[in-house]
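[1] curious how this folds, go ahead:
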Amino acid sequence: MSHSTAPVVSKLWAEGRGRPDFLATGIPSLSWQVTTDAPGWLQASADIEVRRGSQGDSDTGSTESFTVEGRESQHVAWPFAPLAAYDSVEVRVRVHGEDGSESEFGDWHVLRTGPLTADDWVAPFIAVDGPTDADLAQRTNLSRGTVRFRTEFTPRDDVTSAVLSATAHGIYELTLAGSVVGDEVLTPGWTAYDDRLTFQSYDVTDRLAAGEAVVLGATVAEGWYRERFGFDGNFATFYPGPVALSAQLVVTYEDGTIERVLTGDSWQGTAAGPVVSAGIYPGEAFDAREDDDALTVVGAAFPAPTGVHELSPQEADPARLVPSFAPPVRRIQSVPAQRIFTSPSGKTLVDFGQNLVGWLELRIDAPAGHEVTLRHAEVLEDGELGIRPLRFAKATDTFTGDGGERVWSPRFTFHGFRYAEITNWPGELALDDISAVVVHNDMVRTGHLETSNPKLDQLHSNVLWGMRGNFLSLPTDCPQRDERLGWTGDIQVFTPTASYLYDTSGFLGSWLRDLEAEQRTAAGVVPFVVPSPLPMPPMAAAAWGDAATLVPDALFERFADRAALAAQYESMTRWVDVVDALAGDDHLWTGGFQFGDWLDPSAPPENPAKAKTDPDIVATAYFYRSTARTAEAARVLGHDADASRYGELADGIRSAFLAEYVTPAGRMMSDAHTAYAIAIGFELITEPQALATAGARLAELVRSHGYRIGTGFVGTPLICDALVRGGQSDVAFRLLLEEGCPSWLYPITMGATTIWERWDSMLPDGSINPGEMTSFNHYALGAVADWMQRSIGGIAPGAPGYSVVEIAPVLGGGLTSAHASLDTGFGVVDVSWMLEGPSFSLVAVVPPNTTARITLPGTASADAIEVGSGRHEYTVDVSSLVAAADTEPLTMETPLSRIVGDTEARDGLEALFAELGYFIGLGWTKDGRWKSGSPLGKSLIMMPPHNVARVEQYLATLNASRAA
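    Alright, predicted model coming up:
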């Protein structure tokens with residue numbers, strides 16, 4: 001088959017991939033992809049054309065053009081006059097290659113705006129008459145019922161354009177002309193409502209016709225706005241006032257005139273309806289008997305109408321309103337039920353085979369008044385629904401039938417679950433009667449990874465599903481219990497992983513605007529959670545507050561959007577300045593509250609902050625990292641004075657850290673996994689000999705713990721990178737592949753399909769960890785996937801946005817193949833490699849307008865092969881890197897390091913020790929008090945001779961079995 005080498009502009013988008021249909025700015029950046037088979041193709045220039053007023057007719061309208069010189073094709077600044085509110089233009093691009101090639105112009109791409117600022121918003125917020133100010137003071141006692149609004153409208157002429165925009169204090173669902181508007185759910189989502197409330201816009205032109213009356217209606221539930229937040233049962237609403245709606249329909253007629261339909265006190269309202277109650281934590285109750293046609297039929301009315309009043313600007317400040325630019329929340333996927341079974345207590349349970357986030361969808365025919373109850377949980381315990389981790393969240397939906405058949409699912413709540421308990425189903429429940437609907441922000445999927453190890457593939461799948469479940473309107477810690485908050489530390493460590501799996505630029509860019517808003521009200525301190533509804537004073541905490549600097553830094557590394565980095569720059573500097581003041585002249589951030597290496601597995605369940613690594617080490621290391629990355633942001637943005645100032649500050653912090661926490665011999669004052677991981681991973685230790693010493697000690701600690709995890713939230717994302725940088729890649733792989741508890745693969749041996757909050761959220765006996773915080777869907781500890789994607793998959797950014805791709809797979813762990821792909825803005829990078837004996841083969845596909853540096857195993861990065869776009873294949877001999885299997889028999893003289901790395905031998909010996917009444921294991925379980933190079937026999941020096949003989953007998957039996 002022949003291929004054309006002429007370049008083609010195959011994709012064009014504004015602002016970012018997966019964004020809403022209506023722009024959030026009048027000066028959108030433009031990005032495009034080019035496809036061509038020409039090897040090494042680079043863009044020399046690009047022509048952008050914009051057409052205004054054409055109405056789809058190429059013979060009408062005015063056209064302007066602009067030429068971009070050079071290779072720039074991602075986030076190109078808008079070069080034309082800004083779009084106005086309710087504007088529409090078309091754009092297209094043509095590219096010229098450095099090789100003299102030229103593309104045709106691509107297809108015209110329509111860009112539209114609705115309202116762009118609060119100045120474009122004229123619709124007041126409306127609420128149904130109800131609770132007084134005194135009632136609102138008793139917030140926790142108010143009903144969780146929904147409210148509904150309606151009005152009627154008749155277009156007076158043929159419509160050329162109709163844009164409906166809406167937002168709410170709560171969660172809204174719009175209806176127009178008999179059906180729901182749009183496919184978004186849980187709108188407008190959760191933002192820092194006091195400072196920033198987003199609205200959404202929809203094209204409803206095809207819903208309207210001249211002279212035909214329609215109903216414009218809405219249902220509004222409490223959502224996050226009226227949710228009760230808190231801990232230990234002490235819950236209260238945080239945001240003021242009742243649920244409310246603001247909507248404006250702007251209709252343009254053929255004669256150019258405009259008509260507006262706005263929310264106001266002339267609308268009809270009611271607090272009655274089929275959604276009897278709805279809340280994020282408790283769930284939703286639906287009574288089909290209360291359903292009516294008031295939102296769909298012209299001339300209909302609410303059965304129990306209530307007065308409607310407009311909220312004052314003081315009650316609903318319009319200055320907060322901004323257009324949404326995050327990818328919308330949608331129903332993404334339907335998951336069929338896998339199994340229906342009966343619990344020991346006689347309950348009907350459904351297993352969907354995957355821990356997920358969303359809701360159930362029923363196909364049900366229930367008699368009038370017949371109530372079906374749906375409860376949700378992530379795991380089973382003793383064969384029953386494991387609901388204790390939900391704490392005070394009821395996570396329960398109910399459906400009451402009206403005697404008819406229908407398909408039903410909740411619309412104003414969501415749950416985290418794999419299992420559902422179905423009570424009082426009419427008749428016999430069948431698999432086809434029920435399915436699970438996966439709900440999250442509809443981001444563009446970009447990154448994939450497959451390996452020759454099925455358990456590693458399951459680990460990567462668990463990370464992916466954990467991200468899906470917690471990227472719902474905001475990056476949450478967990479999706480199931482009475483929390484579901486935007487904990488800053490979790491997303492700080494997970495952003496690099498997430499930004500490979502999906503294009504997160506819009507989702508996290510929007511969340512960062514909320515972080516900046518909350519930070520502004522807290523004198524530069526970043527709250528623990530964003531948005532911040534918790535009644536606690538702001539406190540600066542390392543790793544959590546550093547989301548202000550490290551999340552935008554990671555987004556720039558992956559997407560290279562300078563405008564987005566500039567939008568967060570003041571937030572970055574504000575945070576660094578706060579910590580600088582706390583640290584003082586010695587540049588050491590010490591004392592005060594810190595989360596530290598949260599959930600270090602050695603910490604007791606009731607005190608997850610009690611980690612082995614000194615929290616002051618964590619704090620000062622993060623102070624350095626944030627300052628260094630802020631200096632780099634200043635350089636990128638052209639703030640030269642800031643770049644110099646923060647660069648010098650970073651140098652001072654690093655010197656202070658080394659002097660205070662690292663001995664001349666290269667040992668950390670906290671001789672613990674995370675201390676070394678953070679010093680190496682954040683490049684505080686860089687001198688080659690010190691790096692080798694620290695890497696060797698970290699490897700020794702890992703071996704001395706039996707390759708089981710010794711890190712929490714802070715150390716986990718860093719430890720494998722630190723081991724590789726320290727020359728210990730074999731230990732990094734062995735750590736990754738460990739299956740004992742705690743480890744990354746232990747949950748997989750227990751059937752996990754998402755990442756857990758604790759390494760032992762489920763104990764080996766199948767019981768749920770007794771700690772108060774026990775989530776089975778918590779992405780933070782899955783941040784190791786970033787290392788997997790870069791080191792196993794071999795794809796990393798060599799320059800911001802992958803204009804240069806680093807392709808450098810690392811061998812280890814017995815892996816014989818891997819395949820990774822990443823849809824960058826430029827196109828898809830695809831890397832596959834295979835190891836057959838001593839022969840390593842690699843195939844890399846590099847997209848047009850990029851270059852790559854390929855480092856083959858066994859070669860130094862300085863010897864990387866520089867290539868352009870196209871397909872590249874290499875085969876090299878790596879026999880010097882592939883260690884032969886150690887077939888020497890195991891004896892009492894065998895070093896512990898070998899036994900610890902031999903899963904079969906280690907597990908067998910530990911089982912024997914338990915049988916003999918020895919519970920300390922093989923010496924490595926007591927903080928590494930035995931050096932892993934010591935022989936096995938030395939660790940048994942206190943064991944009676946007859947028990948030593950049992951150990952020798954076990955080794956002989958194992959050796960004989962292997963020899964056979």
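[2] what helix or strand does the residue lying closest to G726 once chain neighbours are set aside sit in?
    Leaving aside its sequence neighbours, G726 sits nearest to G695 (C-beta to C-beta, 6 or more residues apart in numbering; 1.5 Å). In this view, the C-beta of every residue, glycine as well, is placed from N, C-alpha and C. Assigning secondary structure by DSSP states H and E places G695 in helix 688-704.
[3] how about that helix: buried residues?
    690-704 (16 or more other C-beta atoms under 10 Å).
[4] just how off-centre is that helix within its chain?
    Here the centre of helix 688-704 is set off from its chain's centre by 32 Å, with C-alpha atoms, centre = their mean, to the nearest Å.
[5] and the next element down the chain from that helix?
    Once the chain leaves helix 688-704, the next helix or strand it forms, by DSSP H and E, is helix 719-725.
[6] what's the end-to-end length of stretch 474-487?
    Start-to-end span of stretch 474-487 (C-alpha to C-alpha, to the nearest Å) is 10 Å.
[7] flag every buried residue along it.
    Result for stretch 474-487 [16+ other C-beta under 10 Å]: buried residues 474-487.
[8] picking that back up, isn't the residue nearest to G726 right up against C720?
    No - counting by C-beta atoms under 8 Å, G695 sits too far from C720 to count as a contact (11.8 Å).
[9] circling back to that earlier point, can you put the buried residues of stretch 474-487 in CSV and add pLDDT, distance to V579 and secondary structure?
    Shown next, in CSV, are those (pLDDT from 0 to 100; distance: C-beta to C-beta, whole Å; DSSP: H, G, I helix; E, B strand; the rest coil):
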residue, pLDDT, distance to V579, secondary structure
L474, 98, 24, strand
P475, 98, 22, strand
T476, 98, 25, coil
D477, 96, 23, coil
C478, 96, 28, coil
P479, 96, 31, coil
Q480, 97, 33, coil
R481, 94, 31, coil
D482, 94, 31, coil
E483, 94, 26, coil
R484, 96, 28, coil
L485, 96, 23, coil
G486, 97, 21, coil
W487, 97, 19, strand
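[10] tell me which two of the residues you listed sit farthest apart.
    Within the buried residues of stretch 474-487, P475 and D482 form the most distant pair, 18.1 Å apart (C-beta to C-beta).
[11] what stretches of the stretch 201-350 of the chain score poorly on pLDDT?
    For the stretch 201-350 of the chain, applying pLDDT under 70 flags no range at all.
[12] that one: strands as residue ranges?
    214-221, 228-231, 234-237, 244-253, 258-262, 268-270, 275-279, 283-287, 308-310, 321-323, 329-336, 339-342, 348-365 (DSSP state E, counting those that start in this stretch).
[13] not counting its neighbours along the chain, what's nearest V276?
    Spatial nearest neighbour of V276, chain neighbours left out: A285 (4.3 Å); criterion: C-beta to C-beta, 6+ apart.
[14] quick one: contacts for the one you found?
    275-278, 397-398, 400 (C-beta atoms under 8 Å, 6 or more residues apart in numbering).
[15] same check on A177?
    204, 207-208, 214-215.
[16] kindly recompute the last result at 10 Å.
    153, 204, 206-209, 212-216, 296, 298 (C-beta atoms under 10 Å, 6 or more residues apart in numbering).
[17] circling back to that earlier point, and the residue nearest to V276, how far is that from W359?
    Distance of A285 to W359, computed by C-beta to C-beta, to the nearest Å: 13 Å.
[18] shared neighbours, the two?
    What both A285 and W359 touch, as defined by C-beta under 10 Å, 6+ apart, is the set 397, 410, 413.
[19] which one of these is nearest P327?
    Closest approach between the shared contacts of A285 and W359 and P327, by C-beta to C-beta: T413, at 20.7 Å.
[20] skipping adjacent residues, who's closest to the closest one in space?
    Nearest one to T413, counting by C-beta to C-beta, 6+ apart, is E284 at 4.6 Å.
[21] correct me, but that neighbour touches T398?
    Yes - using C-beta atoms under 10 Å, E284 makes contact with T398 at a distance of 7.8 Å.
[22] which neighbours do those two share?
    276-277, 374, 410.
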